[in-house]
Structures are given as structure tokens and as C-alpha cells.
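K.L.:
Let's see this in three dimensions:
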Amino acid sequence: MTNSVVTSPDALALASGRADRGLRFIDRRERARWIPWPDVVARAEAVAGGLQSLGVGRGQRVALVYPTTPEFVDALFGAQLAGVVPVPLYPPGRLGGLEEYRRRTARMIAAAGVRLVLADEHMRHGLEEMIAGAEVPFGCLSIDELPGGRFESVPVAAEDLALVQFSSGTTLAPKPVALSHRAVMGQARLLNSHWPDGDEHFQSGVSWLPLYHDMGLIGCLFSALERPGDLTLLPPEAFVARPAIWLRTISRYRATISAAPNFAYALATERVRDDEMEGVDLSCWRVALNGAETVVPDVARRFVRRFAPYGFRAAAMTPVYGLSEAALAVTFSSCAAPLESARFDREVLAAGEASRSADGLEITSVGRPLPGVELQIRDDAGDVLEEARVGRIWVRSETLMEGYLGRAHDTRRVLVDGWLDTGDLGVLLEGRLYLTGRAGDMLLLRGRNYSPDELEQAMSGVAGIRSGGVAAVSYRRETDPGERLLLLAEHERRLSGERRAMLSRNCREAVLTTTGLLADEIEILPPGVLPRTSSGKIRRQEALRRWLEARPESAETAPPEVEGVPWRSRQGVPRATAAPGDRDAD
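P.N.:
Numbers count the residues shown, from 1 in each chain. The predicted model follows:
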């Protein structure tokens with residue numbers, strides 16, 4: 001790809017000449033709909049003309065509320081062609097109760113200064129009340145309701161905003177991340193330069209990741225546009241209901257690249273049956289990206305063992321690290337080597353240093369910084385730390401966000417002299433990054449800092465506990481000067497009462513054996529209760545706040561800057577979230 005591609009309209013202009021490549025949409029019944037790139041561009045131009053006729057001005061924001069459909073792509077690229085800034089939002093049903101969805105979405109619409117909401121026609125009517133309350137000038141329309149109009153090309157510069165992508169909000173409320181065309185297309189170009197060449201010197205991808213999240217949107221869709229190549233898209237709910245559809249689709253269309261979070265590899269390992277893999281050949285799958293949440297070494301190894309008989313190669317498993325504020329990827333493991341991990345002494349790690357130990361905590365390496373990406377480990381004062389010291393991860397690259405839209409104070413807190421404070425904690429060893437936690441989630445127990453990841457991994461290994469449905473948090477009671485350790489865990493569906501009764505004891509023993517920490521309280525919850533981000537990660541501090549509100553006598557104060565609805569009772573907990581991976585079917 002030439003250097004002339006600095007904006008998405010540039011990339012669309014070049015893609016319009018590639019009728020042999022395009023997007024494929026797969027439904028729940030595995031039926032395919034193929035749209036070549038010239039048709040993708042023509043459909044986008046029709047939307048762009050409609051936006052211009054409606055009077056949506058250049059630089060104004062348009063929210064997109066769609067499932068994984070061609071209409072999402074039409075709206076996304078149509079807005080960008082018109083110089084309008086798309087704001088992808090998750091559709092109803094993804095994050096649970098309708099009232100919570102309306103509150104959160106209304107806040108995001110207000111935070112992004114949205115002028116128009118484009119929505120799936122089946123969802124539009126359910127959004128009208130929320131849109132009215134949010135005072136959106138052009139209201140909520142489906143694409144078919146846009147006025148007809150001829151698309152008039154407008155100048156789009158590299159520094160113009162390409163989209164507003166909401167951060168996942170793991171510890172705080174999601175923030176509107178403003179990304180320029182330079183950042184988005186630079187990230188796509190960076191990713192494409194990293195892939196190993198396939199037999200035809202191009203890469204084809206398969207993705208079930210939500211298109212409102214950066215891993216699916218930028219990592220899959222925009223990188224496919226920048227090549228341009230083939231991309232096959234599955235609805236997230238189809239994967240969650242039947243994980244085998246993901247693997248069968250990779251095999252059927254000979255995809256070379258597919259990405260997923262850790263929970264997806266665990267879900268596929270546990271749920272895919274042998275009869276569903278009949279005729280499947282995964283030898284084409286050269287890069288299995290594993291990111292967006294903690295990469296658990298044993299989960300990755302079990303996936304490799306499970307699907308090696310079907311051609312999956314250990315070297316394909318590729319742990320990565322990134323975040324919305326960097327337009328996605330920061331570090332990549334080798335695409336040609338098996339997963340790398342190291343074991344660290346727990347006590348030394350809790351004290352802020354990394355020392356290898358044969359029986360220590362195993363952490364997966366997420367690789368080295370991508371070309372053009374600089375990475376430093378700093379202490380809380382901002383001073384750079386030497387190798388093997390644990391600290392905050394700072395990043396500098398051309399793909400960094402412009403800032404949090406309309407939030408100058410928040411922007412100044414994390415963007416300093418061209419560097420981004422990610423808020424994540426890690427350590428560098430021999431140039432490789434190992435993630436140790438997130439600053440806002442660290443547990444201060446018995447005078448030491450502990451990452452909740454290790455405790456959660458121990459609980460996830462307990463039979464009957466839902467993989468990825470766990471949270472380890474700490475809090476303080478009025479009657480106790482020390483921090484107390486609370487473990488929250490969702491049990492599997494269709495679990496007998498007798499087995500559920502043993503889960504608290506088994507979780508306590510697993511955490512004690514693994515970490516030496518004795519939990520003060522353990523709560524076993526129904527599936528799908530723990531609050532999650534739009535990308536499916538557990539929002540630990542929000543989970544703690546809801547638990548505290550259910551029993552206010554437990555603590556002096558609730559953690560600040562969290563949102564949502566409380567658990568109303570200890571029994572019959574209301575459904576709080578339903579992102580991909582937190583229930584059996586959306």
C-alpha cells in the first residue's frame with residue numbers, strides 16, 4: 001500500500017478498484033452474503049449523499065447503533081466520506097437491562113456531542129425515547145430514511161477526526177477517544193506490515209468481534225480496507241451461542257488471521273464438540289491474535305492442544321497488547337514462534353520488581369513494541385524505571401488519540417509531552433512486555449500490592465466456575481482498619497445445587513493455594529451478573545460498588561467514579577450485563 005493512503009476516503013478510493021476482494025457477512029445459519037469493495041464504496045457514497053442532503057455538517061458526530069451487518073459498514077464509511085465523524089455504539093441487548101442501556105448510551109451520546117443517530121431499523125423505535133431525552137438535533141433515523149442526494153466529494157485531511165471510539169471503561173466510565181485519520185489508517189498500515197505474507201501475498205481475515213470495539217473495528221475492518229483484502233464477519237452472538245462457527249468459518253474461507261480475547265479461546269476449548277469439527281482444517285490460520293484481556297498461559301496451551309489435530313499450529317497463537325487510546329495495537333508477540341511466558345516470584349513482584357522463580361506466577365509475554373511505537377515503564381512520579389522494575393506503561397506513537405473529546409482535563413492527565421499514560425502496569429524483560437495489572441484495580445492487602453489477575457485465574461480453574469466470570473476486589477469496613485479481600489464468581493449454567501454449595505470453599509482453597517491469600521468473603525453469583533465493558537472485560541470496581549450497595553454496612557464509602565445500577569438483593573440478582581462472552585446467547 002502506498003504512502004498516499006492517509007485517510008479512509010483515500011483507502012476507499014483505492015479499494016473501489018478491487019472487485020476481487022471484499023466483505024463477507026455470515027448469519028447464524030452460516031449463510032454468506034458477499035459485498036466486493038466497489039459495492040462497499042458505492043453503498044457508502046449513497047449514505048454520504050444522504051447525510052449531506054440532510055444537512056449534517058463536516059466534522060459533526062453521528063452515532064451508529066447497529067449489529068454486525070452491511071448497514072453498519074455503509075453508515076461508517078458513508079459518514080467518513082462526507083467528512084462526518086462516526087461514533088460506533090453498542091446496540092441494545094449487548095449490555096443487559098434496557099434501562100441501564102438507555103442511561104449509559106444517553107451519556108455517551110451527550111459526551112460525544114452527537115447530532116444524528118443512525119440505527120438498525122429494527123432497533124430505531126426502541127431508541128426514540130432515549131434520543132428525545134438526549135436532545136439530538138437530527139433525531140434517530142435508519143439509512144433508508146435518509147433523504148436522497150448526490151454525494152459531493154469533500155476534502156478530508158489526515159489530522160481530521162476519523163471516529164470517536166469509546167474506551168472500554170474497565171475501572172471508570174467509558175471516555176470518548178478522538179482518533180484522527182492519521183491514527184486510524186496509520187494503525188491499519190502498521191498491522192498490515194506485521195502480518196506474514198500468505199500464499200497469495202495478502203491476508204484474509206475472519207472476525208466475530210463487535211464492530212463498535214477497536215479490536216473488531218480498527219484491527220479487523222480498517223486493516224482489511226487498507227490492504228485491501230477479504231474479511232468475513234460473524235455476529236458476536238452467533239459465536240457465543242456456538243463457538244464452532246468461528247473455527248468452521250476460518251476453515252471454509254481459508255482465513256490466515258483471526259483475533260479474539262482470552263475468554264473466547266477458553267470458550268471454544270470447552271464448548272466445541274468433535275462432531276462440529278468434522279472436515280475442519282485450521283492449517284491456514286497463521287496468526288491467532290490473543291488480546292483485549294489477560295492472556296492466561298494455560299488457556300492458550302489448552303486451545304493449542306485441543307485443536308492441533310485439526311491443523312492449528314502452536315506458533316499461530318500470538319499474544320498482543322493495545323488500547324483504544326493508541327488506536328489499538330502497542331506490542332505484538334512473534335507471529336512465527338510459540339507463546340512465551342515467564343514465572344516470577346510472587347513476593348518480589350508484589351514489591352515492584354520482577355525476579356524469575358521456577359514455581360512463581362506465570363505471566364504471558366505480549367511481545368515487543370511494534371515498529372514506530374516507543375514504550376517506557378515509569379513510576380508514579382513519571383520517572384523512567386530500569387528493566388525488571390514494575391511500573392506504569394507509557395506509550396508514544398503516531399497512532400495515539402488526539403485526546404478525550406471535550407475533556408481537556410482528562411486528556412492532560414494521560415497525554416504528557418506526546419506520551420500516553422496507559423494506566424496499565426507492566427515490566428520489561430529483554431525487550432518483552434509482561435502485563436502485571438491495571439493501576440485502578442490493584443489490591444492492597446497485608447501491606448502489599450497484588451494484581452487481581454492471579455486470584456481470578458485461580459478461581460477460573462475451579463470446576464463449576466464460569467471461565468472469565470470472576471472478579472477479585474478489596475474494600476474496607478468501618479470496624480476493620482485493614483483491607484478485606486472479596487471474591488466474586490459466576491457459576492456455570494445448569495449446575496446442580498449440591499455442586500454450587502461447594503464452590504465457595506473450592507474458590508477459597510484455590511486462591512489460598514495459589515497466592516497464599518485467604519479471602520475474607522466469597523460470593524457465588526448467577527451467570528451474566530458481573531458488569532462488563534463493551535468489549536466483555538469485567539468492570540471490577542463497578543462490581544464492587546454494586547456489591548457494597550447491596551450491603552451498605554460493609555464499608556465506609558463506595559469507590560469513586562463508577563456508574564450503573566446496584567445489585568438489589570443477594571438473591572435473584574438482576575441481570576447487569578450481557579456482552580459477548582458473559583452469557584450463552586445474546
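
K.L.:
In the stretch 451-586 of the chain, where is pLDDT below threshold?
P.N.:
Counting by pLDDT under 70, the stretch 451-586 of the chain has low-confidence residues at 478-482, 534-536, 552-586.

K.L.:
hey, where'd the helices end up in it?
P.N.:
Taking DSSP state H, counting those that start in this stretch to define them, one finds helices in the stretch 451-586 of the chain at 452-460, 497-515, 540-550.

K.L.:
Save the ones you listed as CSV, and put in mean neighbour count too.
P.N.:
Placement of C-beta: from N, CA and C, glycine included. Shown next, in CSV, are these (neighbours: other Cβ atoms under 10 Å):
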stretch, mean neighbour count
helix 452-460, 23
helix 497-515, 15
helix 540-550, 23
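
K.L.:
partners of the helix or strand of the chain with the lowest mean pLDDT in the sheet?
P.N.:
Every helix and strand in the chain was compared by mean pLDDT, DSSP states H and E; the lowest is strand 448-450, with a mean of 73. Strand 448-450 has its sheet partners listed here by DSSP bridges as strand 443-445 (antiparallel).

K.L.:
Please spell out which residues along the strand it pairs with are buried.
P.N.:
Residues of strand 443-445 classed as buried by neighbour count (16 or more other Cβ atoms under 10 Å): 443, 445.

K.L.:
can you list contacts of it?
P.N.:
With Cβ atoms under 8 Å, 6 or more residues apart in numbering as the test, strand 443-445 has contacts from 449-452, 455, 472-474, 483, 485, 517.

K.L.:
By neighbours, which of the residues you listed wins?
P.N.:
A472 (30 neighbours; other Cβ atoms under 10 Å).

K.L.:
For L485, see how far away that one is.
P.N.:
Distance, A472 to L485, by Cβ to Cβ, to the nearest Å: 7 Å.

K.L.:
who touches both of the two?
P.N.:
By Cβ under 8 Å, 6+ apart, the residues touching both A472 and L485 are 443, 455.

K.L.:
can you list the weak-confidence ranges in the protein?
P.N.:
Scanning the chain for pLDDT under 70 picks out the ranges 1-4, 93-97, 133, 168-173, 197-202, 446-447, 478-482, 534-536, 552-586.

K.L.:
Domain-wise, how is it divided?
P.N.:
Using automatic domain parsing, the domain parsing of the chain gives 8-196+208-234, 340-440, 443-554.

K.L.:
Including distance to T269, could those domains go into JSON lines?
P.N.:
Shown next, in JSON lines, are the domains of the chain (distance: least, Cβ to Cβ, whole Å):
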{"stretch": "domain 8-196+208-234", "distance to T269": "16"}
{"stretch": "domain 340-440", "distance to T269": "16"}
{"stretch": "domain 443-554", "distance to T269": "9"}
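
K.L.:
who wins for proximity to L323 among the ones you listed?
P.N.:
domain 340-440 (5.8 Å; Cβ to Cβ).

K.L.:
where do the strands sit along the stretch 201-350 of the chain?
P.N.:
In the stretch 201-350 of the chain, the segments counted as strands under DSSP state E, counting those that start in this stretch are 204-207, 230-233, 257-260, 287-290, 317-323, 328-332, 341-344.

K.L.:
scratch that, the stretch 51-200 of the chain
P.N.:
In the stretch 51-200 of the chain, strands defined by DSSP E, counting those that start in this stretch lie at 61-65, 85-89, 114-119, 140-141, 161-166, 176-180, listed in chain order.

K.L.:
Let me have those strands in JSON lines, extended by distance to A241.
P.N.:
Listed next are the strands of the stretch 51-200 of the chain as JSON lines, based on distance: least, Cβ to Cβ, whole Å:
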{"stretch": "strand 61-65", "distance to A241": "22"}
{"stretch": "strand 85-89", "distance to A241": "23"}
{"stretch": "strand 114-119", "distance to A241": "23"}
{"stretch": "strand 140-141", "distance to A241": "28"}
{"stretch": "strand 161-166", "distance to A241": "26"}
{"stretch": "strand 176-180", "distance to A241": "30"}
